[in-house]
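A.B. asks: Here is a sequence with its predicted model. Questions after.
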Amino acid sequence: MRTNFTIGLSKIISEFSLEVLNMPQTDEEILISSSEVNRPGLQMAGYFEFFDDTRIQIIGKSEESFLRRFTEEKAEQRLRELFSRKPVAVVICRNLEVSEIYRKIAEEYGVPLFRTPVSTSEFEAALIAFLHLHLAPRITQHGVLVEVFGEGILLLGESGVGKSETAMELVKRGHRLIADDAVEIKKVSSKSLVGSAPENIRHFIELRGIGIINASRLFGAGAVKLTEKIDLVIKMEPWDVNKVYDRMGLENQTHEILDLKIPALTIPVKPGRNLAVIIEVAAMNNRQKKLGYNAAEDLLNKLGMTDQN
């Protein structure tokens, strides 16, 4: 599993419509590797212990008003101390007026300098969310990801067990396909995983006996989705007569992905079982459990079979 991902600075400029005040002339794309940002107030006060130059520096009204307390020469000295560390980029918020000193120093040290009309806190929050999404740890998992009644369902199982066929039936029943065969899974926070399809195979499904189809072209744009949070993992396996399967739903199975434990079910596959309907019920039941209701526990309570201790 790779954990050191990067994103091009040009994508951030495009995403947030940043005004370019200075951009170093280079043939190579400037890459951002840190999902954290920094408000350089302490650095402008002269404290550079633990300063991380891989973080985008965000200057707002507080930092700018602090600099205005100094003479022009002193303010330039403070800016030089910051820019000489060559941070990966500096963004000035609230469309604050940028003196020629900023441009001159940024050009001198080769530091990208931008401006945005967005408020500092709003831009900081949006940028952190954007960076966390694009720089998140990720893996590619063999499986199928579908959205069923708003729940992200990851179908796992050996090749040929019927994952794609089941996904096709679910799409016909009004649900949406996110990825078939290869699912890119990102850990976007300490509690959630988001799945998507690799761009080159997005919306394509392989059906044995038919070949490759495009779900978006065949069923319309409403049948597909770009990304989805993974709420439940369903492991599909051929029916084993010697195996005892859970018939009550009291076992809380989980499946670990990127160090996160996701609720999981094992569904045996054999002719005659309508897997699409079973997965629909599993999705609705999983939503009920998140809302605090467990049908198996309710039944045991009514039968007086719960542990009274």
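C.D. replies: Thanks, I have it.

A.B. asks: Any regions of the protein where pLDDT drops low?
C.D. replies: For the chain, the stretches flagged by pLDDT under 70 are 1-3, 27, 307-309.

A.B. asks: Now do the contacts for Ile56.
C.D. replies: Applying C-beta atoms under 8 Å, 6 or more residues apart in numbering, we find Ile56 in contact with 12, 32, 34, 37-38, 87-91, 127. The way it works is simple: take the backbone N, C-alpha and C, and place the C-beta from them, glycine included.

A.B. asks: I'd like to know how many residues surround Glu81.
C.D. replies: Glu81 has 14 neighbours, counted by other C-beta atoms under 10 Å.

A.B. asks: Kindly confirm whether my reading is correct that it touches Gly46.
C.D. replies: Yes - taking C-beta atoms under 8 Å as the definition, Glu81 is a contact partner of Gly46 at 7.1 Å.

A.B. asks: residue boundaries of the strands in the stretch 151-300 of the chain?
C.D. replies: With strands called from DSSP state E, counting those that start in this stretch, the stretch 151-300 of the chain shows them at 151-156, 176-187, 193-196, 204-207, 211-214, 227-229, 232-238, 254-257, 260-269.

A.B. asks: Could you dump those into TSV with distance to Gly304 added?
C.D. replies: Below are these laid out as TSV (distance: least, C-beta to C-beta, whole Å):
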stretch	distance to Gly304
strand 151-156	32
strand 176-187	42
strand 193-196	39
strand 204-207	48
strand 211-214	52
strand 227-229	38
strand 232-238	31
strand 254-257	29
strand 260-269	27
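
A.B. asks: nearest to Phe66, of those?
C.D. replies: Phe66 sits nearest to strand 176-187 of all these, at 36.7 Å, using C-beta to C-beta.

A.B. asks: what helices or strands is the closest one leaning on?
C.D. replies: In terms of contacts (3 or more C-beta pairs under 8 Å, 6 or more residues apart in numbering; DSSP states H and E), strand 176-187 is packed against strand 138-148, helix 163-172, strand 193-196, strand 204-207, strand 227-229.

A.B. asks: Neighbouring strands of the first one in the sheet, and parallel or not?
C.D. replies: Strand partners for strand 138-148, identified by DSSP bridges, are recorded as strand 151-156 (antiparallel), strand 176-187 (antiparallel).

A.B. asks: Mind checking those strands for the one nearest to Phe123?
C.D. replies: Closest of the strands paired with strand 138-148 to Phe123 is strand 176-187, at 22.7 Å (criterion: C-beta to C-beta).

A.B. asks: Tell me what angle the closest one forms with strand 260-269.
C.D. replies: Angle, strand 176-187 to strand 260-269, by axes from the mean of the first three to the mean of the last three C-alpha atoms, to 10 degrees: 140 degrees.

A.B. asks: Which residues in strand 176-187 does the neighbour count mark as buried?
C.D. replies: 176-181, 183-187 (16 or more other C-beta atoms under 10 Å).
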